[in-house]
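K.L.:
turn this into a model:
(one chain, ligands or ions: 1)
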Amino acid sequence: MESFKMDGTYTQNDLTRIVEADKAHVWHHLVQHKPFESKDPNIIIEGKGMRVWNQAGKEHLDAVSGGVWTVNVGYGRERIAKAVYDQLMKLNYFAGSAGSVPGALFAEKLIEKMPGLTRVYYTNSGSEANEKAFKMIRQIAHKRYGGKKHKILFRDRDYHGTTIGCLSAGGQDERNAQYGPFAPGFVRVPHCLEYRKHEQDGAPEENYGLWAAEQIEAVILREGPDTVGGLCLEPVTAGGGVIAPPEGYWQKVQEICDKYDILLHIDEVVCGVGRTGEWFGYQHYGIKPDFVTMAKGVASGYAAIACCVTSERVFEMFKDDATDPLNYFRDISTFGGCTAGPAAAIENMAIIEDEDLLGNTVAMGDYMLDQLRALSDRHKVIGDVRGKGLFLGAELVTDRDTKEVVPEAQVQAVVADCMAQGVIIGATNRSVPGRNNTLCFSPALIAAKDDIDHIISSVDGALTRVFG
Ligand code: PLP
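P.N.:
Coordinates of the predicted model:
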């Protein structure tokens, strides 16, 4: 087969061949392939800043950072590419049982941003980082409580990854429907979406946040506090509806974890590394997690890297009895030893600092929230606008009083209309019936007012065309 240059200068023949090869052999993530029998898949060829170009040369403004909240510092960052190249030429890999230069330096830099936490366990996907935390919680249960305090609580609407372990802790039912049976010992607690509290029995008009947290306590009491070892939560729920928990929620959650000696695991796979305007989402709420997992924005997709970060208290439990042959974390992630990830992550973090992208995220997040609210004045189909930083959602309803969700086809029509206009937006997890009605916006942290105006005007046009 004829080879061709991978330097990005493709001829029309090259592009035709790429599309054919893709259609013949690539199984795309998350999509039904039947439509590709009659149309071509979208192949993203190139990116720069907040824009990407597909095989037809069409420019798109990316309002979802690579589709899934990942490219936080934008495309085409030479500084990161160069750091990765230099590191790969020096040393590409050695198993994580040994250390590496970028591994040590990134861990030091990361821990500076996470007071109270001290240890970084490297892995290569968000799911895997969450599995590490689950395994550590289980091992602590065996070591300290004879295996009894092994249950891990997760929340309705939250998502923690694609493995069977993570799906066992998955609060999005239709994602799970075809993959059971699941691992035992994972227990669901109710969601905390104030806009939909009318669907929850007994939810009060006032102090909903406190009530929602108390529902977690009720589950702990039902299960038996001596059986519950961990609580895993997203700081702001992503695919389950862009849900920033209500006032009072997190303080009560922390109190509950302290009271029942439950390890708090915060899944920052989406929120981590600037997305919400703080380095980590949990830092808005003054809580003290025992585990923080992160992935997508850690190196903005320039290399695969994820981390499970723990407190020294957790770490110490795995080394306090060196005479016990089982008392260490008997775990490896082969590609957790790749050096490209931490090399990219160091530069990614330096860019966020040098360009004050946290400040930009707060300012542009506020601006975008205001613009979405203004849009909701013009479009009655927008029932709620919410989120934090550059992590925002607009929930679409057929009626603001009943809050009946709009049909999925219409949500997808809005997304498709924006795409046709050259703006890529997202929608919440398509596989959850009745919960797929939130438009998602997560532009790169470099977004400027012009970019946001462009996104908003595209959504404005799409809503008018779809809903009148
Ligand atoms: N946790 C959250 C909150 C996520 O949104 C995701 C993926 O979207 C994951 C974990 C899983 O991460 P990965 O796809 O890297 O395994």
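
K.L.:
tell me the secondary structure for Met419?
P.N.:
Look at Met419: counting by DSSP: H, G, I helix; E, B strand; the rest coil, its state is helix.

K.L.:
for it, which residues are in contact?
P.N.:
Under the criterion of C-beta atoms under 8 Å, 6 or more residues apart in numbering, the neighbours of Met419 are His60, Ile425. All C-beta atoms are positioned from the backbone trio N, CA, C, and that covers glycine.

K.L.:
output the lowest mean pLDDT helix or strand found in this protein.
P.N.:
Ranking every helix and strand in the chain by mean pLDDT, DSSP states H and E puts helix 173-176 at the bottom, with a mean of 84.

K.L.:
quick one: that helix near the ligand?
P.N.:
No: applying C-beta under 6 Å from any ligand atom, one finds helix 173-176 separated from the ligand by no less than 10.6 Å.

K.L.:
start at 16, not 1
P.N.:
With the count now opening at 16, the last piece we talked about shows up as helix 188-191.

K.L.:
and the next element down the chain from that helix?
P.N.:
For helix 188-191, the succeeding helix or strand toward the C-terminus, using DSSP states H and E, is strand 201-204.

K.L.:
in its sheet, which strands sit next to that following strand, and in what direction?
P.N.:
Sheet pairing here is set by DSSP bridges, and for strand 201-204 it gives strand 166-170 (parallel).

K.L.:
export the partner strand as PDB, just CAs?
P.N.:
The C-alpha coordinates for strand 166-170 follow below in PDB (Å, rounded to 0.1, in the frame of the first residue of the first chain):
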ATOM      1  CA  LYS A 166     -19.100  -0.600  50.300                       C
ATOM      2  CA  ILE A 167     -18.600   2.400  48.000                       C
ATOM      3  CA  LEU A 168     -21.400   4.800  47.500                       C
ATOM      4  CA  PHE A 169     -22.000   6.600  44.200                       C
ATOM      5  CA  ARG A 170     -24.600   9.100  43.100                       C
END
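
K.L.:
gap between that strand and the chain center?
P.N.:
Centroid separation for strand 166-170 versus its chain: 18 Å, with C-alpha atoms, centre = their mean, to the nearest Å.

K.L.:
likewise for stretch 84-100?
P.N.:
Computed by C-alpha atoms, centre = their mean, the chain-centroid distance of stretch 84-100 equals 18 Å.

K.L.:
residues of it that come out buried?
P.N.:
Neighbour-count burial for stretch 84-100, with 16 or more other C-beta atoms under 10 Å as criterion, is recorded at Trp84, Thr85, Val86, Asn87, Val88, Gly89, Tyr90, Arg92, Ile95, Ala98, Val99.

K.L.:
show residues contacting stretch 460-471.
P.N.:
For stretch 460-471, contacts defined as C-beta under 8 Å, 6+ apart pick out 64-65, 76, 78, 87-89, 289-290, 367, 370, 372-373, 375-376, 379, 382-383, 386-387, 390, 405, 438, 440, 456, 458.

K.L.:
now do 7 Å
P.N.:
With contacts defined as C-beta atoms under 7 Å, 6 or more residues apart in numbering, stretch 460-471 is touched by 64-65, 76, 78, 87-89, 289, 367, 372, 375-376, 379, 382-383, 386, 390, 405, 438, 456, 458.

K.L.:
stretch 301-314 now?
P.N.:
83-85, 87, 129, 131-132, 140-141, 144-145, 148, 265, 269, 278-285, 287-290, 295, 297, 320-326, 329, 356, 359-360, 363.

K.L.:
check whether it contacts the ligand.
P.N.:
Yes: judged by C-beta under 6 Å from any ligand atom, stretch 301-314 comes into contact with the ligand through Ala310.

K.L.:
so where's this protein uncertain?
P.N.:
Counting by pLDDT under 70, the chain shows low-confidence ranges at 16-23, 444-449.

K.L.:
any idea how it splits into domains?
P.N.:
For the chain, the structural domains run 30-86+372-482, 94-369, going by the TED database.

K.L.:
just say which of those domains is most tucked in.
P.N.:
Most buried of these by mean neighbour count (mean count of other C-beta atoms under 10 Å) is domain 94-369; its value is a mean of 20.

K.L.:
circling back: so how far is the least confident helix or strand of the chain off the chain centroid?
P.N.:
Worked out by C-alpha atoms, centre = their mean, helix 188-191 lies 17 Å from the chain centre.

K.L.:
swap in stretch 431-447?
P.N.:
Once both centres are worked out by C-alpha atoms, centre = their mean, stretch 431-447 turns out to sit 17 Å from its chain's centre.

K.L.:
mind telling me what element the closest residue to Val307 other than its chain neighbours is part of?
P.N.:
Distances taken as C-beta to C-beta, 6 or more residues apart in numbering place Val324 nearest to Val307, at 4.6 Å, with adjacent residues excluded. Under the criterion of DSSP H and E, Val324 resides in strand 321-325.

K.L.:
please enumerate the helices of the stretch 316-465 of the chain.
P.N.:
327-332, 355-369, 372-393, 423-435, 464-482 (DSSP state H, counting those that start in this stretch).

K.L.:
just checking, what packs against the longest one?
P.N.:
So the one you mean is helix 372-393. strand 397-402, strand 407-411, helix 464-482 (3 or more C-beta pairs under 7 Å, 6 or more residues apart in numbering; DSSP states H and E).

K.L.:
need the residues that contact that helix.
P.N.:
Contacts of helix 372-393 (C-beta under 7 Å, 6+ apart): 88, 289, 292-293, 367, 397, 400, 403-405, 407, 409, 456, 460-462, 464, 467, 471, 474-475.

K.L.:
need the residues of the stretch 266-415 of the chain near the ligand, please.
P.N.:
By the rule C-beta under 6 Å from any ligand atom, the part of the stretch 266-415 of the chain lying against the ligand is Asp282, Val284, Val285, Ala310.

K.L.:
of those residues, closest to Phe197?
P.N.:
Closest approach to Phe197 among those (C-beta to C-beta): Asp282, at 17.6 Å.
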